[in-house]
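A.B. asks: the following block contains a protein sequence and its predicted model.
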Amino acid sequence: MPKDLLSLEHYQEEISNFHIYVYNTVGSTNEIAKDLALKGVPQNSIVIADSQTSGKGRFRRIWISPPGVNIYMSLLIKASSDTKVSLVPLATSVAVIDTILEVAPEVKKKAGLKWPNDIYINGKKLSGILVETIKRNIIVGIGINVNTTAQHFPEDLRDKATSLYMETGRSFSRAEIIAKILYNLKEIYKILSENPYHIIQLWSERSKTLNSMIKAYLPDRTLEGRAIGLDENGFLKVITSEGKIVTLSSADILHLRQ
Ligand code: BTN
């Protein structure tokens, strides 16, 4: 196991609330977390892997997961009857972008959230989040391109994906980033349980989607319009050129122009 992942134990304050499982190679950390959930491990268990052989993205895409360079982690939380599950992805993306800006403040102007939970820098994707539920368990999978070089990405992704290393020219400790994410997640999930609608505001302040012209790929059609806000579920409200307001609960979107 690479040393930088094992050095997580140096961050006792940040990780003290979590039960951490570190692996070398797994299929998908989300799948391991689901198995653990069904075996009854406590909530706040977290699965971290150095590489994934079947990393999963949203919409059944593949998440490129080479060894030694990136973060692949899945957190298990248990939903209570009043957990606003639809806000979990947005809340998570706020904790992840805040962590990114703590370790790499120089990307601040260029970084932002793309609805619902992607982190983009300079129009390229840095991080994605895949939230899945199994029984009353919520599995929050987070992938971040940290020390990846362009060569790690297949050619067709090179103009679409980026990493912290590619944006800053510096290498980062994965353990430090993971520890900071866990700390920030603890804080943001506290806000989610005490004042869920505040998540909408925190997300909106970090968003690059709001006020942009977007194209949404829906199962049966595409839709273009201006993103005008989120509803209380975190769903995206879009106004079309005919002035019709459409609310999207889930879709792959593309930013067209500001
Ligand atoms: C997306 O499509 O944007 C979501 C990508 C989520 C990738 C992460 S990596 C850790 C976890 N395990 C997976 O198989 N997927 C998520």
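C.D. replies: Here it is on my side, so go on.

A.B. asks: quickly find the element holding residue 132.
C.D. replies: When elements are assigned from DSSP states H and E, residue 132 belongs to strand 124-134.

A.B. asks: list the buried ones in that strand?
C.D. replies: 124, 125, 126, 127, 128, 129, 130, 131 (16 or more other CB atoms under 10 Å). (Glycine included, C-beta is placed from N, CA and C.)

A.B. asks: with stretch 76-86 instead?
C.D. replies: In stretch 76-86, counting by 16+ other CB under 10 Å, buried: 76, 77, 83, 84, 86.

A.B. asks: just these: which are in strands?
C.D. replies: The members of the buried residues of stretch 76-86 that map onto strands under DSSP state E are 76, 77.

A.B. asks: lowest pLDDT pick from the buried residues of stretch 76-86?
C.D. replies: When the buried residues of stretch 76-86 are compared on pLDDT, residue 83 comes out lowest, with 88.

A.B. asks: that one touches residue 199, doesn't it?
C.D. replies: No. Counting by CB atoms under 8 Å, residue 83 does not reach residue 199; the two are 11.8 Å apart.

A.B. asks: intersection of neighbour lists for these two?
C.D. replies: residue 192 (CB atoms under 8 Å, 6 or more residues apart in numbering).

A.B. asks: before we move on, back to that, which of the buried residues of stretch 76-86 sits closest to residue 145?
C.D. replies: residue 76 (23.2 Å; CB to CB).

A.B. asks: and residue 62, how many neighbours?
C.D. replies: 12 (other CB atoms under 10 Å).

A.B. asks: distance of the nearest residue to residue 89 once chain neighbours are set aside from the ligand?
C.D. replies: Spatial nearest neighbour of residue 89, excluding adjacent residues (CB to CB, 6 or more residues apart in numbering): residue 117 at 4.1 Å. The spacing between residue 117 and the ligand, counted by CB to the nearest ligand atom, to the nearest Å, is 7 Å.

A.B. asks: residue 117 and residue 88 touch, don't they?
C.D. replies: No. Using CB under 8 Å, residue 117 is not in contact with residue 88, being 9.1 Å away.

A.B. asks: now do the contacts for the residue of the stretch 151-258 of the chain found nearest the ligand.
C.D. replies: Closest to the ligand within the stretch 151-258 of the chain is residue 252: 9.0 Å, counting by CB to the nearest ligand atom. By CB under 8 Å, 6+ apart, the contact set of residue 252 is 58, 59, 216, 217.

A.B. asks: pick out the most distant pair among those.
C.D. replies: Largest separation among those by CB to CB: 58 and 216, giving 13.6 Å.

A.B. asks: pLDDT weak spots in this structure?
C.D. replies: For the chain, the stretches with pLDDT under 70 are 257-258.

A.B. asks: what separation do you get for the residue in the stretch 51-200 of the chain positioned nearest to the ligand and residue 240?
C.D. replies: Per CB to the nearest ligand atom, the residue of the stretch 51-200 of the chain with the smallest distance to the ligand is residue 128, at 2.1 Å. Residue 128 is 27 Å from residue 240, where distance means CB to CB, to the nearest Å.

A.B. asks: returning to that earlier point: so between residue 58 and residue 216, which is more surrounded?
C.D. replies: In this view residue 58 and residue 216 are compared by other CB under 10 Å, and residue 216 has more residues nearby, 20 against 17.

A.B. asks: the more buried one should be in a strand, yeah?
C.D. replies: Yes. Judged by DSSP: H, G, I helix; E, B strand; the rest coil, residue 216 forms part of a strand.

A.B. asks: helices of the stretch 151-258 of the chain, residue ranges please.
C.D. replies: Per DSSP state H, counting those that start in this stretch, the stretch 151-258 of the chain carries helices over the ranges 164-168, 174-194, 198-205.

A.B. asks: include mean neighbour count when you put those into CSV, please.
C.D. replies: CSV is the format used below for those (neighbours: other CB atoms under 10 Å):
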stretch, mean neighbour count
helix 164-168, 20
helix 174-194, 19
helix 198-205, 17
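
A.B. asks: let's have these in CSV, adding distance to the ligand.
C.D. replies: Output for those, formatted as CSV (distance: least, CB to the nearest ligand atom, whole Å):
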stretch, distance to the ligand
helix 164-168, 15
helix 174-194, 12
helix 198-205, 16
